[in-house]
Each structure stands twice: as C-alpha cells, then as structure tokens.
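**Student:** Predicted model and sequence follow; I will ask about them next.
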Amino acid sequence: MKKRNPLLITLFWVLVSLLTLFPIYWLFVISVKPAVQLFSTPDVIVSNPYWGNYTDVLGNRLLRSYMVNSMVISTGNAVLCTVLGFFTCYALSRFQFRGKESIFFWTITNRMAPPAVFLLPLFLLMTQVYRVEDFTLLDTRIGMILVYCTFNLPFAIWTLRPTIDAIPRELDEAAYVDGASPWKVITEIVFPLCRPGLAVTLILTWVFAWNEYLLAATLTNFEARTLTTGLSEYVTTTGTEWGIMATISVFTLIPALIVFGLVQKHIVAGLTFGAVKG
Amino acid sequence: MQSNKLGWILLAPTLVILFFFGVLPFLYVVFVSFHQWNPFAASPEMIFNGAENFRRIVFDDAFLSSLGVTVAFVVFAVLSELIIGYLLAQAFMKEFPGKSIFRTIHTLPLIMAPIIVGSVWKLMTTPSIGIIPHYLDEWFGITMNIGTSAPAAFLTIVIMDIWHWTPLVTLTLIAALVSLPRDPFEQAQIDGANKAQTFWHITLPMITPALVATIFIRLMDALRTVDEVWMLTGGGPGSSTRFLGVHIFKEVFPKTNYGYGSTISVIVLYLTIVVCWLLYVSMLAPRKNRKG
C-alpha cells in the first residue's frame, strides 16, 4: 500500500471543512453588516460588527412571539412523541397481539410520505372536519404539535424499539411477582433504564420539529406561526431585508447547533431510521 | 402474562393520533381526488367526476415539467452525493491527525433546517450580495444570476443539496466500510488485483446493503425537497426549479382547486412510494438470485 503524506491528507480535510463551514460563516457575516454596506465589495473578515439586526429582531414583538411558538411547539411535540413512542414500544415489546408487526411497519409509512402531499388534506380536515363549533385546530399550537406527530411519532417508535427490546423481560416479571402495578413497572423500572435512548429521541424529535417549515407555513396564519415561517416572510419579490433574514437564520440555527454537540453520534442512526449505526 | 388490555391502552394514543393525522388525511385526499371541488368557483360544492382529474393530469404540462425537473434533480444530486460521499468515506478510512474534528465539522450541515440551508445559499449566490457571483465575475468574467438563468438556478440547487446531504452518505458508508472484514482485501492484493477490480468485485458487493439503504433514504428525501428550493429560487426562474413539492405548495394549494390538487398529491405519493420500492427490489433481488 502506498503511504500518503498525512500532512497532505490533513490539508485536504481542512479544505473540505472550509467548504462546509464557509456558507454558515457567510450567514453570520451578512447578519452583522448594516444594510448600506451589503452591496459593496464582499469582505470576508468582519472588522467592525454591527449588531443592529440582532437588536431589531429581538425587539420585534412579532418575531419574539414566533420564537416562543417555535419553542412551545417543538418542546410539546418532542415530549409528546417521546412519551407516546415509549408507551407504544413498551406495548409492542411486552405484549402479544395480532398484527403487532404490521402496526410497527405501518407507522413508518407515515414518515415516508412527502409532507407536501399532506398539505391539502390536513388543511381541509383541520378547517372543515376537526372542529368543535368555531374552534378549529388550524393556526393553533396544539394543532401543530399534533400535526408534527405524523413524522416524529413514527421516528420515536423506530428509535426507541431496540432500546426497550434490549431490556430483559425478567426485570418486569420479577417486579410483577413482587406485586408492583403495571404503571409502577413502566415508570420506575423500564423508564429509568431507557433514559439514554429517550434523551436522544427527545432531542432529535425536537430538532425535526424546530426545523420544519412547509406544514407550519400552510397550517398557521398568525397565532401559531413559527420562526422558520417568520424567516420566509422577510423574503419577498419586491425587496428582501437581507440583514434581518440572515439574523433570523442565525437565531434558528443556534439551538440546532447547541443540540448538535449532544447527539452528534446519533444523527446518522436518526436520519436513516437506525438502518445504519453511525 | 399480563392482560392485553394494558397493551392496547398504551398503544391507543399513538394509534388515534396517527389515524387522525396520517391515515385519515391519506384516505381523504384519495376521496377528494375523484371530485371536482373549488370552494371559490361558480359551483363551490364537491361534485363527483370519476377519473376526470386523473385524465387531466396526463396532459397537464405544468405537472409534467415539474415531474421532469424533479427527476433530473434527484438523479444529479443523489448520484453526485454517492460518488463524493464514497470518496470522502474512503478518505476517512485512513488515520490522520484531527480526524474526529473533521468528521464533526463534516456532519454539521445534517442538523440544519432545510429552510436555513436555502437561506444560507441565497446569501451566497444572490447577485450583488453573494460572494460566489462576485468572484466568478471578477476572476473568470462569468455572470451568474440565479434569478434569471435557469441552468444557474438548477445547478445551485444541486450543489446546495450536495453540500447539505453528502455527509449523510459519507457517514453511512464509513459505517459500512469499517465493518468489512480484512481478509478478502489481503487475498485480492496477493492475487494482484488492481484498485478498480478490488472495488468492483470486493468492496461494492460487500457494501451493497448499506448502499441500498442510503440510496433509498436519499431518494425519499430528495423527492420531497421543498423548503430550501422555495427559499432559494421560489421555483423559478419560470418553472425551471419547480419541483413536485414546490408545485403543490405554491401552484396547487393557493389556487383552491382542491379536487385537482388532491389528484396531484395522490399521484406524487404514489410515484414516491413506487419509485422507492422498485429501486429497493431491483437492487436487492439480483443479488439474492446470484447467491441462491
């Protein structure tokens, strides 16, 4: 085998990393430039950062409410999906009933379908069918939390199944013999053992919900709009506020980046439904 | 053994939510697709019109061109990602200083929201703001305007997708390569096989399962690309980057032509599932026969 100079290989990877990082860095550069400087020669190095865009975004009441909506919806959805996913996997792992594996595989088909396909039926159902007198799920946080379950709940089920299957049944059975109630077995014996798997599921479902745009753009108007939809409102054909757009992007990116450090090793398994362990 | 009642109680919330937000929308869209329905038209009620919508779709130029653009995009993007991803995965198989840091950086785009990726690349490529058109013009005298040039817009989207998703291919293929046994490679070396022969006869057959899984996932995701394209080009210029998802989102949906829109949704869903399934079967079946 030929031995290549490790320095050359490192240089190659520095280059690849620059290609990966530069577009993200450029986002930051645009966000700290005042509007008048945008159209001059593009400077790569920021000598005199301008924080006006950041104060504008944070000072904008509407954008602040979008941030709160994004937080509430992603957190609510992640918790709901992780808890329900945990219950579902426990049931699939510990009980025998007909069509068990069909239920398991059926859930993933919900995740495979392109979300664009569901725009129209979900919009129609939410405005016309799922309503109690004047209350509809359209443009509500709870509505979005439930809608995001279509892709996050199957995901939670698929990532949690191996975790729960790996916990020996003997543990539950011993507890039942000791007279523990099913609820106690689930919450005090199985749940603590699943913590690492549950944490990864919680974080990844949170990111997927936080990052979602298409469904939020269609199924919310004002009350429950999220940060990603807020971003697209600043891109118009008549004139885009580039600085604000870049700043909102930075705000949307930061939580995902923080989370990235926590689940880096699990991202691949997460994105491939566990088909490939990263 | 505990009673199954508890099992069903634990399953119930999941089944109810997925029924109302997964199954029912699917059945509903199929039902509506056989109707003429436009609430803001002269006759706002739902009228059953059989397969008329499906007949119309075959002759719908806007839909067909959108389908063509989507297929072109998927082929270009996924193929490039596989090739680049494989080469990078091979490069990661060697030991070198800072390997884990480079790997972390390489993984970074995967966590980004597609709409943010679109926004990032919009800021990179929009004329007079973006750095790419600026230096292309200054250094090579090439004018790049994704707002007016269809090839430039299409190419930018392919590059954006490569930037966003190649890391997934790299990481899945690293996982596959790491788990390969050493013996066949040593044997091939002794037998004097060259690099191409080793790749074709040893590496490729052994990583096929991982490769199929990767293609499967990438294909499914590429077929539903909407957010980043919508952000970057809005489907334009003209309809040159109006992928199927964008077509539904921006053309079908706002026109309130619910009957026909449902038909397009059904066809897109059907195509996605059939394409992925056909690919899956065609790539795995011949291998099984050879082994048998």
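**Tutor:** Noted; the coordinates are in hand.

**Student:** ok, now which ones touch residue 143?
**Tutor:** You didn't pick a chain, so chain A it is. A:M126, A:T136, A:L137, A:L219, A:A224 (C-beta atoms under 8 Å, 6 or more residues apart in numbering or on different chains). For every residue, glycine as well, the C-beta is placed using N, CA and C.

**Student:** That was the other one, I meant chain B.
**Tutor:** B:T143 neighbours (C-beta under 8 Å, 6+ apart): B:P133, B:L136, B:D137.

**Student:** Now do the phi/psi pair for the first one.
**Tutor:** Spelled out, it's B:P133. Phi and psi for B:P133, reported as degrees, to the nearest 10, are phi -60, psi -30.

**Student:** Counting by contacts, list what the helix or strand harbouring A:T55 packs against.
**Tutor:** Using DSSP states H and E, A:T55 sits in helix A:52-59. Contact here means 3 or more C-beta pairs under 8 Å, 6 or more residues apart in numbering or on different chains; DSSP states H and E; on that basis helix A:52-59 packs against helix A:242-263.

**Student:** Pull out the buried residues from the helix it packs on.
**Tutor:** Going by neighbour count (16 or more other C-beta atoms under 10 Å in any protein chain shown), the buried part of helix A:242-263 is A:242-253, A:255-256, A:259-260, A:263.

**Student:** related to what we said a few turns ago, apply the buried test to the contacts of A:G143 and list what passes.
**Tutor:** Buried, going by 16+ other C-beta under 10 Å: A:M126, A:T136, A:L137, A:L219, A:A224, out of these.

**Student:** Any buried residues in the host helix or strand of B:T172, and which?
**Tutor:** Following DSSP H and E, one finds B:T172 within helix B:150-178. Under the neighbour-count criterion of 16+ other C-beta under 10 Å, helix B:150-178 has B:150, B:152-154, B:156-177 buried.

**Student:** What about chain A: which of those residues touch it?
**Tutor:** Near chain A, judged by C-beta under 8 Å from any C-beta of the partner chain, the entries from the buried residues of helix B:150-178 are B:W163, B:P167, B:L168, B:L171, B:T172, B:A175, B:A176.

**Student:** The fifth one against A:V268, yeah?
**Tutor:** So the one you mean is B:T172. Yes - B:T172 lies in contact with A:V268 (C-beta atoms under 8 Å); the separation is 6.2 Å.

**Student:** how about the strands in the stretch 51-200 of chain A?
**Tutor:** A:131-132, A:135-136 (DSSP state E, counting those that start in this stretch).

**Student:** Quick check: which of those strands is nearest to A:P114?
**Tutor:** Closest to A:P114 of these is strand A:135-136 (C-beta to C-beta; 24.4 Å).

**Student:** Quick check: can you name the pairing partners of the closest one and their directions?
**Tutor:** strand A:131-132 (antiparallel) (DSSP bridges).

**Student:** tell me the mean pLDDT over the partner strand?
**Tutor:** Here strand A:131-132 scores 80 as its mean pLDDT.

**Student:** got a list of contacts for that strand?
**Tutor:** With C-beta under 8 Å, 6+ apart, strand A:131-132 has contacts from A:L137.

**Student:** Give me the distance from it to the chain's centre.
**Tutor:** 28 Å (C-alpha atoms, centre = their mean, to the nearest Å).

**Student:** What are the buried residues along stretch B:201-215?
**Tutor:** B:I202, B:T203, B:M206, B:I207, B:A210, B:L211, B:V212, B:A213, B:T214, B:I215.

**Student:** so how far is that stretch from its chain's centroid?
**Tutor:** 19 Å.

**Student:** just to revisit the earlier point, for chain A, state which of the buried residues of stretch B:201-215 is nearest.
**Tutor:** B:A213 (4.3 Å; C-beta to the nearest C-beta).

**Student:** Check whether that closest one sits in a helix, strand or coil.
**Tutor:** Put simply, B:A213 is helix when judged by DSSP: H, G, I helix; E, B strand; the rest coil.

**Student:** gap between B:G147 and A:T88?
**Tutor:** 47 Å (C-beta to C-beta, to the nearest Å).

**Student:** more crowded one of those two?
**Tutor:** More crowded of B:G147 and A:T88, by other C-beta atoms under 10 Å in any protein chain shown: A:T88, with 29 against 14.

**Student:** Report the contact partners of the residue lying closest to that one once chain neighbours are set aside.
**Tutor:** Distance criterion C-beta to C-beta, 6 or more residues apart in numbering or on different chains; nearest residue to A:T88, sequence neighbours excluded, is B:T14 at 4.5 Å. When contacts are counted by C-beta under 8 Å, 6+ apart, B:T14 touches A:L84, A:G85, A:F87, A:T88, A:T107, A:L153, A:I157.

**Student:** Apart from its neighbours in sequence, what residue is nearest the second one?
**Tutor:** The reference is to A:G85. A:A156 (2.9 Å).

**Student:** Is it correct that the one you found is in contact with A:F87?
**Tutor:** No - assessed by C-beta under 8 Å, A:A156 is found out of contact with A:F87, at 10.2 Å.

**Student:** Please point out which parts of whichever helix in chain B runs longest sit buried.
**Tutor:** Determined from DSSP state H, the single longest helix within chain B is helix B:258-291. Buried residues in helix B:258-291, counted by 16+ other C-beta under 10 Å: B:258-269, B:271-273, B:276.

**Student:** same question, stretch B:126-144
**Tutor:** By neighbour count with 16+ other C-beta under 10 Å, stretch B:126-144 contains the buried residues B:T126, B:P127, B:I129, B:G130, B:I131, B:I132, B:P133, B:L136, B:M144.

**Student:** got it, and stretch B:15-31?
**Tutor:** Result for stretch B:15-31 [16+ other C-beta under 10 Å]: buried residues B:L15, B:I17, B:L18, B:F20, B:F21, B:G22, B:L24, B:P25, B:F26, B:Y28, B:V29, B:V30.

**Student:** Number of residues surrounding the closest residue to chain A within the stretch 51-200 of chain B?
**Tutor:** As assessed by C-beta to the nearest C-beta, chain A sits closest to B:A113 within the stretch 51-200 of chain B, at 3.4 Å. Look at B:A113: counted by other C-beta under 10 Å, it has 24 neighbours.

**Student:** so it makes contact with B:M231?
**Tutor:** No - counting by C-beta under 8 Å, B:A113 does not reach B:M231; the two are 9.9 Å apart.

**Student:** any idea where the helices of the stretch 101-250 of chain B begin and end?
**Tutor:** Ranges of helices in the stretch 101-250 of chain B, per DSSP state H, counting those that start in this stretch, are B:114-125, B:131-135, B:150-178, B:183-190, B:195-198, B:204-223, B:227-232, B:244-246.

**Student:** ugh, wrong one, chain A
**Tutor:** So, for chain A - with DSSP H - the helices run A:6-31, A:52-59, A:61-94, A:100-112, A:115-124, A:141-165, A:169-177, A:182-184, A:191-193, A:195-211, A:214-219, A:227-233, A:242-263, A:267-271.

**Student:** between the ones you listed, which one is nearest to B:P39?
**Tutor:** helix A:115-124 (9.6 Å).

**Student:** Only C-alpha atoms, please: export the closest one in PDB.
**Tutor:** C-alpha atoms of helix A:115-124 as PDB (Å, rounded to 0.1, in the frame of the first residue of the first chain):
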ATOM      1  CA  PRO A 115     -45.200  16.200   3.600                       C
ATOM      2  CA  ALA A 116     -46.300  18.200   0.600                       C
ATOM      3  CA  VAL A 117     -48.900  15.500  -0.200                       C
ATOM      4  CA  PHE A 118     -50.500  16.100   3.300                       C
ATOM      5  CA  LEU A 119     -50.800  19.800   2.900                       C
ATOM      6  CA  LEU A 120     -54.100  19.800   1.200                       C
ATOM      7  CA  PRO A 121     -55.900  17.100   3.100                       C
ATOM      8  CA  LEU A 122     -54.600  18.300   6.500                       C
ATOM      9  CA  PHE A 123     -55.700  21.900   5.700                       C
ATOM     10  CA  LEU A 124     -59.100  20.700   4.600                       C
END
